[in-house]
Every structure is written in C-alpha cells, then in structure tokens.
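Engineer: please work out how this folds:
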Amino acid sequence: MKLIYIYLAFLFIGIDLPAQSSFRINGFVMNEDKAPIEAATVLIDGSHIVGQTDRNGFFQLTLSGSKLVTIHIDALGYFPLSVPFTVASDLKRNFILRKNDMELNEVVVSGDSKRNIQMGSSQNLIKVNKSYIEENFSGSLMQSLEGIPGVKAMNIGSGQSKPAIRGLGFNRMIVVENGIRHEGQQWGEDHGLEIDQFAIDNIEIIKGPGSLLYGSDAIGGVINMQSDYVPVNTFEGRLNLFARTNNESIGLFSQLAGRKDKFYYKANMTLIDYADYKVPTDSIQYYSYYIKLKDRRLRNTAGKEQNAGVTLGYISERFKSDFQISNVYAKSGFFCRCPRIGSPPFGYRL
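Structural biologist: Here you go, the predicted model:
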C-alpha cells in the first residue's frame, strides 16, 4: 500500500511540472497621452517569439521557462523601446512609447504623359506653349525657338527669319498655322515667316519625316502652330511691353477676350518698331571692300511690324468651331553689302 502512495505522488509531480514550464506575458502599449498604439511590433531579443498589438494596444507572448529576457517594441511614428526583466511567472505590463516628431521632406510624385507618347512614337515630337515663347523671346518666332535641339533660324535681317530642322529648310519642311500651310517661306532665302509669334498659344515640332500626315514636303519636319486658347471669363485681357537697347526696339502686344455661355471672342494687336543695329566699330570689311559706318550703325537694318487678328468661336461638349481673320505686316531691312559694277555696295529693304 505504501508503494502505491509513492507511485501516485510521483505521477502528480510529473503532471504538474509541464504546467509550470511556460509563462504568459500580457502587455499594453500606449503613447504619452495614454492612447493605445495599434500594430506595434513586439519581440523578444535573441528568439523567434514575435507578436503585434491589436486595435486596443494589447498583446500576448508565451515564453517557455523562467529567464531574463529583453522585450523590444517598435511602432511607426514612435521611438523604439527595449525593456529587460526576469520572467518567473505570468506577467502583465504597460509600455509607453514616445512620439518621434521627425518630419519627412516633401515628396512629389509626377508623371509625364507626353514623354510616354514620345517614347512610343517613331517620330521625335516636341511641344511648347506660350510661356516658353515669352521666356525665350527674340527678334522673330524662329529665333525664339532656337533653344530647341535641332531647330535653327536662318536670319533675314533683324526682324525676320525662316526655320530649319536638322539642316533642312525651304521646301523640305512644312509650317502649319491653325491647319493652314504657310508656303511663303519656301520660295527663297529672303522670305520669312508671315506669322505673329505673340498670337500663338501652342507649337508642335516634329523632327523627322512627316510625309504621311502633311505631304511630301515634310521630309525634314513639321512646325504646327495653334491659336487654340478659349477664354474662361466674361471679359479678360493681357498686355505685354518689351524693349531693346541695341537697336532701340520697342513693342507691345495686347489681347482682349471674353466668353458668354458657348460663344467666345478674341482680338489681338502687335506693334513693333526698331532702328538700325549699333556695332562697336566705325567700319567693317566685306570681301575686299571697307565700308564706313555712320554713327556705328548697320544701315538698313531698321524695320517695323503691325499685326492684328480677330477670332469668333463656338464651343460645346462635342463641337467646336471658330472663325479667324488676321493681317500680318512686316517691313524690315537687312544689311547686304553686295558689289555691283560701277556702283558702291548697297542694302536691301523688303
């Protein structure tokens, strides 16, 4: 009988030992304002025991055996916390995390749909708007666009120029304004563009063959210009004034526009006047001729421009139509010292 009691005692002892070999750590994670912190990561250093706080800030970890452990708590927006303590029984602890007030720099996410279109196209397409023209304003429209790679201006005097794309010009490229081809610049070297650069809103430049869309003349490229701005207010206007000291140039561009319901109008005017160019010398050499300059000015490089235009339009969700009428007048000279038999060099005026 005594042996039976001893056997039962050992049996109960064997059953109780596993129950005391694991302990539970229950914790509550909060901030300095006593608010619970959700989704904080809780782990015991040196082990694979990991947990996470619930929406109320509570967590529970199970540890086998009593030992000295270090609990590490990390949460987004707070400084990490490490707490060492000895586990010899089930525990309940509160943990307070301090806020990390570090601010990130501004993050800007941008996309370029035009670039994606260009990368998927076999043609090299570049688009510029009115702001680009105003920021790069020069004596003529093509001089204003010379900053675009592959685009050059063949200057004709001080106020006129004609385009060239990758070395091709004249009848090897096409200039289109509001769907109408400008063929005047194809005739000869002394014919420039008959376009008011201040009245243009957007420019599309195609560098490379565009014959399929614009005809056989577009082997070098296409310059497509649009005056497609539609007013948004009942009445609006703008006025640009500009001046240059070298040739005493002065000019203005004014535009009045308005819209009522589906009808709109635009009226613009450009006036430019400039004198002969000044140079820092009293004479120049042209071929074998020495030409004296009066008042250090290149004679016959003065000129003027007088442009005006009116647009009447109608626009709806599915339909747009406009009527445009414009007049471009340019009078400019260019310094061309060409020798003639029996006569001194002379200049031209267009």
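Engineer: what residues does Ser21 make contact with?
Structural biologist: Counting by CB atoms under 8 Å, 6 or more residues apart in numbering, Ser21 touches Ser64, Gly65. Backbone N, C-alpha and C define where each C-beta goes, glycine included.
Engineer: now Trp198. Its backbone dihedrals?
Structural biologist: One thing to correct before we go on: residue 198 is Phe, not Trp. Phe198 adopts backbone torsions of phi -80, psi -20, taken as degrees, to the nearest 10.
Engineer: so it versus Ile272, what's the distance?
Structural biologist: 9 Å (CB to CB, to the nearest Å).
Engineer: compare the two (neighbour count), which wins?
Structural biologist: Higher neighbour count among Phe198 and Ile272: Phe198, with 25 against 21, using other CB atoms under 10 Å.
Engineer: what sits closest to Val50 if chain neighbours are left out?
Structural biologist: In space, and not counting its chain neighbours, Val50 is closest to Leu43: 4.4 Å by CB to CB, 6 or more residues apart in numbering.
Engineer: who does that neighbour form a beta bridge with?
Structural biologist: Beta-bridge pairing for Leu43 (DSSP bridges): Val50, His72.
Engineer: I figured it hits Ile49, correct?
Structural biologist: Yes: Leu43 is within contact range of Ile49, at 6.6 Å (criterion: CB atoms under 8 Å).
Engineer: mind telling me what element Trp54 is part of?
Structural biologist: That one is not Trp; residue 54 is Asp. Asp54 is part of no helix or strand, with elements assigned from DSSP states H and E.
Engineer: show me what contacts the nearest residue to it once chain neighbours are set aside?
Structural biologist: Distances taken as CB to CB, 6+ apart place Glu38 nearest to Asp54, at 6.9 Å, with adjacent residues excluded. Counting by CB under 8 Å, 6+ apart, Glu38 touches Thr53, Asp54, Arg55, Asn56, Gly57.
Engineer: what about the second one, how many neighbours?
Structural biologist: The reference is to Asp54. Residues near Asp54, counting by other CB under 10 Å: 14.
Engineer: and if you look at the last one?
Structural biologist: Using other CB under 10 Å, Gly57 has 21 neighbouring residues.
Engineer: swap in the fourth one?
Structural biologist: For Asn56, the tally of surrounding residues (other CB under 10 Å) stands at 12.
Engineer: not counting sequence-adjacent ones, nearest residue to it?
Structural biologist: Leaving aside its sequence neighbours, Asn56 sits nearest to Pro36 (CB to CB, 6+ apart; 5.2 Å).
Engineer: did I read that right, the residue nearest to Asp54 in a helix?
Structural biologist: No: counting by DSSP: H, G, I helix; E, B strand; the rest coil, Glu38 is located in no helix; its state is coil.
Engineer: distance-wise, check it relative to Ile49.
Structural biologist: 20 Å.
Engineer: middle-most residue in this protein, spatially?
Structural biologist: Taking CA atoms, centre = their mean as the criterion, Asp112 is the residue nearest the geometric centre of the chain, at 7.6 Å.
Engineer: tell me the confidence at that one?
Structural biologist: Listed pLDDT for Asp112 reads 70.
Engineer: in the sheet, who's paired with Val87?
Structural biologist: Val87 has these beta-bridge partners by DSSP bridges: Lys67.
Engineer: which residues touch it?
Structural biologist: By CB under 8 Å, 6+ apart, the contact list for Val87 reads Phe23, Ile25, Leu63, Ser66, Lys67, Leu68, Val69.
Engineer: tell me the buried residues within those residues.
Structural biologist: Applying a neighbour-count criterion of 16 or more other CB atoms under 10 Å, the buried members of the contacts of Val87 are Phe23, Ile25, Leu63, Val69.
Engineer: narrow the residues you listed to those in helices?
Structural biologist: Among the buried ones among the contacts of Val87, no residue falls in helices (DSSP state H).
Engineer: phi, psi for Met30 please.
Structural biologist: Main-chain torsions, Met30, degrees, to the nearest 10: phi -140, psi 170.
Engineer: quick check: pLDDT value at it.
Structural biologist: With respect to pLDDT, Met30 scores 94.
Engineer: distance-wise, check it relative to Ile96.
Structural biologist: Between Met30 and Ile96 the distance is 6 Å, computed by CB to CB.
Engineer: same thing with Tyr229?
Structural biologist: Computed as CB to CB, the Tyr229 to Ile96 distance reads 61 Å.
Engineer: Tyr264 too?
Structural biologist: Distance of Tyr264 to Ile96, given as CB to CB: 64 Å.
Engineer: looking at those two, which one has more neighbours?
Structural biologist: Tyr264 (21 against 15).
Engineer: checking the more buried one next. Helix, strand or coil?
Structural biologist: Secondary structure, three-state DSSP: Tyr264 is strand.
Engineer: secondary structure class of Ile291, three-state.
Structural biologist: Going by three-state DSSP: Ile291 is strand.
Engineer: isn't it up against Thr281?
Structural biologist: No: counting by CB under 8 Å, Ile291 stays clear of Thr281, with 10.4 Å between them.
Engineer: who's more crowded, these two?
Structural biologist: Taking other CB under 10 Å, Ile291 and Thr281 do not tie; Ile291 has more neighbours (14 against 7).
Engineer: tell me the pLDDT of that one.
Structural biologist: Ile291 is assigned 82 on the pLDDT scale.
Engineer: okay, and the nearest residue to it once chain neighbours are set aside sits in which element?
Structural biologist: Of all residues not flanking Ile291 in the chain, Ile284 sits nearest, at 5.4 Å (CB to CB, 6+ apart). Using DSSP H and E, Ile284 maps to strand 283-286.
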